[in-house]
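Participant: Okay, predicted coordinates and the sequence, questions at the end:
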Amino acid sequence: MKHGKRYTEAAKQYDRSQLYDVADAVSVIKKTATAKFDETIELHIRTGCDSRHADQQIRGAVVLPNGTGKKVRILVFAKGPKEDEAKAAGADYVGGQELIPKIQNEGWLDFDVVVATPDMMGVVGRLGRVLGPKGLMPNPKAGTVTMDLTKAIAEIKAGKVEYRLDKTNIVHVPVGKASFTEQQLTENLQALLDALNKARPSTLKGAYMRSAILTSTMGPGVRLNTAKISS
């Protein structure tokens, strides 16, 4: 794969074969994120889990202490008093049955997170083929199927991110923006790693985090020392 001049220059600034601890990896990423826009910093972890087994799934959410740096648009499926609660809590869109054709037939997807009350999951379930592949389906483990809409919306707005194992047994999660300070990124990254370590499946044998790479949108990846970040 051929990379551009900026990427190539960035890759020369550090030893790509070295394994870095969290603080040093963040420092390198800050130096190499030189695009003209505010790049997103992401963590990619290849796990030793097998996503084909239900008891080795990883899914949950964590509130990053310094947020994500991104304005999150929230769609809430609710009715009655809960619809009013969602609007008062700051949801961007609130509705029910009437949203099905808009999403299904018109391809409306102008939202980043979907939250639903349990009694609305029968309605939301009809959108599984659309929302599922995009990782937008509400889930109790991620706190997006709940009666406490005020809390859920507040946490998402504050910087709650969901993590889940994909089909290749990798977890991809944003940890902030290149404009964040090193301390902010380090705190976010550490909070995420703590959550992932707690989510380790009890049935897993062998290494949990096989490799971990911190990247910016346009820059090269920095390899983390998994022996130090995995417990």
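Facilitator: Here it is on my side, so go on.

Participant: contacts and neighbour counts: CA atoms only from here.
Facilitator: Will do.

Participant: looking at the sheet around the residue sitting nearest the centre point of the chain, what are its partners?
Facilitator: In the chain, the centroid-proximal residue (Cα atoms, centre = their mean) is Val173; its distance is 3.8 Å. With DSSP bridges as the criterion, Val173 is bridged to Leu43.

Participant: you'd agree it is up against Val161?
Facilitator: Yes. Val173 is within contact range of Val161, at 7.4 Å (criterion: Cα atoms under 8 Å).

Participant: biggest helix in the chain, by residue count?
Facilitator: helix 182-198 (DSSP state H).

Participant: Pull out the buried positions in that one.
Facilitator: Using 16 or more other Cα atoms under 10 Å as the test for burial, helix 182-198 gives 182, 184-193, 195-196.

Participant: can you redo the residues you listed as a markdown table with distance to Leu214 and pLDDT?
Facilitator: Listed next are the buried residues of helix 182-198 as a markdown table, based on distance: Cα to Cα, whole Å; pLDDT from 0 to 100:
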| residue | distance to Leu214 | pLDDT |
| --- | --- | --- |
| Glu182 | 13 | 96 |
| Gln184 | 15 | 97 |
| Leu185 | 11 | 96 |
| Thr186 | 11 | 96 |
| Glu187 | 14 | 96 |
| Asn188 | 12 | 96 |
| Leu189 | 9 | 96 |
| Gln190 | 12 | 95 |
| Ala191 | 15 | 95 |
| Leu192 | 12 | 96 |
| Leu193 | 12 | 95 |
| Ala195 | 17 | 94 |
| Leu196 | 15 | 95 |
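
Participant: Would you map the strands across the protein?
Facilitator: Using DSSP state E, the strands of the chain run over 40-47, 59-63, 74-77, 93-95, 113-116, 160-164, 170-177, 209-216, 222-223.

Participant: care to break the chain down by domain?
Facilitator: Structural domains assigned to the chain are 5-67+160-229, 74-157, following automatic domain parsing.

Participant: Mind telling me which of those domains the model trusts least?
Facilitator: In terms of mean pLDDT, the lowest-scoring of those is domain 5-67+160-229 (a mean of 90).

Participant: how long is it end to end?
Facilitator: Using Cα to Cα, to the nearest Å, one end of domain 5-67+160-229 lies 32 Å from the other.

Participant: Report the separation between the residue lying farthest from the centre of the chain and Arg223.
Facilitator: Relative to the C-alpha centroid of the chain, counting by Cα atoms, centre = their mean, Gly80 is the outermost residue, at 30.4 Å. Distance, Gly80 to Arg223, by Cα to Cα: 49 Å.

Participant: next one: Asp119
Facilitator: For Asp119 relative to Arg223 (Cα to Cα), the value is 44 Å.

Participant: Could you check which of these two is surrounded by more residues?
Facilitator: Per other Cα atoms under 10 Å, whichever of Asp119 and Arg223 has more neighbours is Arg223, with 23 against 14.

Participant: Just give me the neighbour total for Gln97.
Facilitator: The number of residues packed near Gln97 is 15, by other Cα under 10 Å.

Participant: Surely it is in contact with Val123?
Facilitator: Yes. Contact status for Gln97 versus Val123: in contact at 6.4 Å, counting by Cα under 8 Å.
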